[in-house]
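Visitor: here's my sequence, what's the structure:
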Amino acid sequence: MSTTPRKKLPIGIQNLREIRTENHYYVDKTALALKLTQEGKHYFLSRPRRFGKSLFLDTLKELFEGHEALFQGLAVHPHWDWSVKYPVLRFSFGSGKFTDIQGLTHALDTQLSHLEQQFGITARFEHVGGRFADLILQLQQQTQQPVVILIDEYDKPILDALDYPEVAKANRDFLRGFYSTIKDYDAYIKFSFLTGVSKFSKVSLFSGLNNLLDISLDAHYSSICGYTDTDIDTIFSPELEDLDREEIRHWYNGYNWLGEGVYNPFDILHLFRSRQFGNYWFETGTPSFLVNLLFKRQVTSLSLDQTFTSNQVLSSFDIEDIATEALLFQTGYLTIKQAER
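Guide: The predicted structure follows:
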């Protein structure tokens, strides 16, 4: 029986401040955040939905903004220069309707307006690409510090529109231009981090952002999202009472990105809340386009269990050419069991 006092379960909470100030369990990912800032500048991470990407992005935001109190006792605290505060531009495509041609423009216009208002900057251009570039320039001049850019669910405007190929292509082309601003204004940028479910090929979406380092299958960052065995046994030890530890492992410890395996946070937190085993993550809503594609291609669970594929297939796809293995892997329905050279 654990003698550690129980805390609140951070179900559905994606901001660090609430977790750290309202006595929720927190799995410290700040050592990996520090490693990212020390070893590179522009990053991309692909992980399935509900794996903690948004919380990690919020952690980066709070870190670069220099909110030291939130990081007391965490791995990054003694190694960060808290005297420097960087301006942070955070975008998210988690909400919004992207199945019509104006949806993406409206979503970006709203977010740019909020950022301009937040920093007291008057828009000098009408086009969102021009406003984004000008925002970077003006912020750097205003603060005398390079800008941090964080983009959550960068690919959702494309995935949402896969049943509408022309809209999906238009959204892809629009985003290609928007993201290329990050490369064009590199001299004014301190750090950038993009997250999403899928990695579209560099030719289709990242052609203007070829300096982006993909850490999705980097063993050093395999546990950047999700809970490890150690996390379950230490941080969540008060929640393990009356639960079969091996059964927890059997149900939920299935995800691997060529490094340390992890548990899906959504499943674990709901297990601790309900004290019953269940497919919580799966039941949150399988994308309809994925189900339709599997039916169309007549893919069976038996064939999926013995799938062999290459790193190249798993790491990217495009609207016109979506490999079944890539889509299932990137949406979290397949994981890596073994790697061979």
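Visitor: ok, now which ones touch I151?
Guide: I151 makes contact with R90, F91, S92, F93, Y179, S192, F193, L194, T195, according to CB atoms under 8 Å, 6 or more residues apart in numbering. C-beta here means a position set from N, CA and C on the backbone, and glycine is covered the same way.
Visitor: so it, which of the three states?
Guide: Assigned with DSSP: H, G, I helix; E, B strand; the rest coil, I151 falls in the strand class.
Visitor: specify the beta-bridge partners of it.
Guide: Per DSSP bridges, the residues bridged to I151 are F91, L194.
Visitor: thinking again about what came up before, now, the most widely separated pair of the contacts of I151?
Guide: Using CB to CB, the contacts of I151 span at most 15.6 Å, a distance reached by F93 and S192.
Visitor: adding neighbour count, write the contacts of I151 out as CSV.
Guide: CSV is the format used below for these (neighbours: other CB atoms under 10 Å):
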residue, neighbour count
R90, 16
F91, 19
S92, 18
F93, 24
Y179, 22
S192, 23
F193, 26
L194, 25
T195, 25
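Visitor: got TSV for the residues you listed, with pLDDT too?
Guide: Converted to TSV, the contacts of I151 look like this (pLDDT from 0 to 100):
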residue	pLDDT
R90	97
F91	96
S92	94
F93	91
Y179	86
S192	95
F193	95
L194	93
T195	91
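Visitor: and which of those residues is nearest L212?
Guide: Set against L212, the nearest of these by CB to CB is L194 (7.1 Å).
Visitor: show me this structure divided up by domain.
Guide: 16-220, 226-284, 286-331 (the TED database).
Visitor: the last one - what's its average pLDDT?
Guide: So the one you mean is domain 286-331. Averaging pLDDT along domain 286-331 gives 59.
Visitor: what's the end-to-end length of stretch 27-44?
Guide: 21 Å (CA to CA, to the nearest Å).
Visitor: can you list contacts of that stretch?
Guide: Counting by CB under 8 Å, 6+ apart, 56, 59-60, 63, 71, 74-77, 79-80, 182, 186, 189-196, 199, 206, 209, 211-216, 220-221, 223-225, 227, 231, 235 sit against stretch 27-44.
Visitor: please narrow those to those residing in strands.
Guide: I189, K190, F191, S192, F193, L194, T195, G196, L213, D214 (DSSP state E).
Visitor: among these, which one sits closest to Y86?
Guide: Closest to Y86, out of all of the ones in strands among the contacts of stretch 27-44 and judged by CB to CB, is K190, at 5.5 Å.
Visitor: so who does the closest one touch?
Guide: K190 neighbours (CB under 8 Å, 6+ apart): K41, F64, Y86, Q145, P146, V147, V148.
Visitor: farthest pair in these?
Guide: Maximum distance among these (CB to CB): 14.6 Å, for K41 and Q145.
Visitor: all good on my end, thank you.
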